[in-house]
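Asker: here's a sequence, model it:
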Amino acid sequence: MPTLSSILLGIQAIPITLFGTIILYNPAKAGFADVHLSVSHIIGFSSLSLGTAYALAALQPLRTRHQFLLTSAPLRFVAACFFLSDGNEARGAPIWDFANAGLALVVVVWERLMM
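Answerer: This next block holds a predicted model:
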């Protein structure tokens with residue numbers, strides 16, 4: 001049975017990968033209609049790369065997953081702060097990143113205490 005950290009990383013990989021795919025195939029649907037095509041490509045492929053990294057991290061040994069989550073949590077907190085300062089344009093992004101950063105820390109502590 002997969003551990004919580006594997007499940008969390010797998011779940012976090014899904015929206016990032018989908019977002020990158022949507023940006024590449026239909027930028028207007030992702031809200032990128034007025035964005036230059038090269039910028040859409042950069043963000044789309046960056047999102048796909050990040051989603052792939054999360055998916056691969058989900059398959060790694062426990063210690064590696066914990067290191068990945070502990071490294072990504074502060075970055076997600078910083079990203080959430082930036083998204084929050086963007087106002088209404090970012091909408092749910094700050095909530096998503098704050099929640100996932102906090103959840104990552106909780107999962108690591110939980111797994112370390114239980115194993």
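Asker: mind listing the strands for this protein?
Answerer: For the chain, no strands are identified by DSSP state E.
Asker: tell me the confidence at the residue nearest to residue 86 when sequence neighbours are not counted?
Answerer: Closest residue to residue 86 apart from its sequence neighbours, by Cβ to Cβ, 6 or more residues apart in numbering: residue 93 at 7.9 Å. Glycine gets a C-beta too; all of them are placed from N, C-alpha and C. In this model, residue 93 is scored at 88, pLDDT.
Asker: go ahead and confirm residue 93 touches residue 85.
Answerer: No. At 11.2 Å, residue 93 does not count as touching residue 85 under the criterion of Cβ atoms under 8 Å.
Asker: compare the two (neighbour count), which wins?
Answerer: Using other Cβ atoms under 10 Å, the more surrounded residue of residue 93 and residue 85 is residue 93, with 15 against 9.
Asker: give me the distance between the more buried one and residue 99.
Answerer: Residue 93 sits 11 Å away from residue 99, going by Cβ to Cβ, to the nearest Å.
Asker: and residue 33, by the same measure?
Answerer: With Cβ to Cβ as the criterion, residue 33 and residue 99 are 28 Å apart.
Asker: you'd agree residue 76 is up against residue 95?
Answerer: No. Contact criterion Cβ under 8 Å: residue 76 and residue 95 do not qualify, at 11.4 Å.
Asker: so who does the closest residue to residue 68 other than its chain neighbours touch?
Answerer: Distance criterion Cβ to Cβ, 6+ apart; nearest residue to residue 68, sequence neighbours excluded, is residue 57 at 4.3 Å. By Cβ atoms under 8 Å, 6 or more residues apart in numbering, the contact list for residue 57 reads 9, 64, 65, 68.
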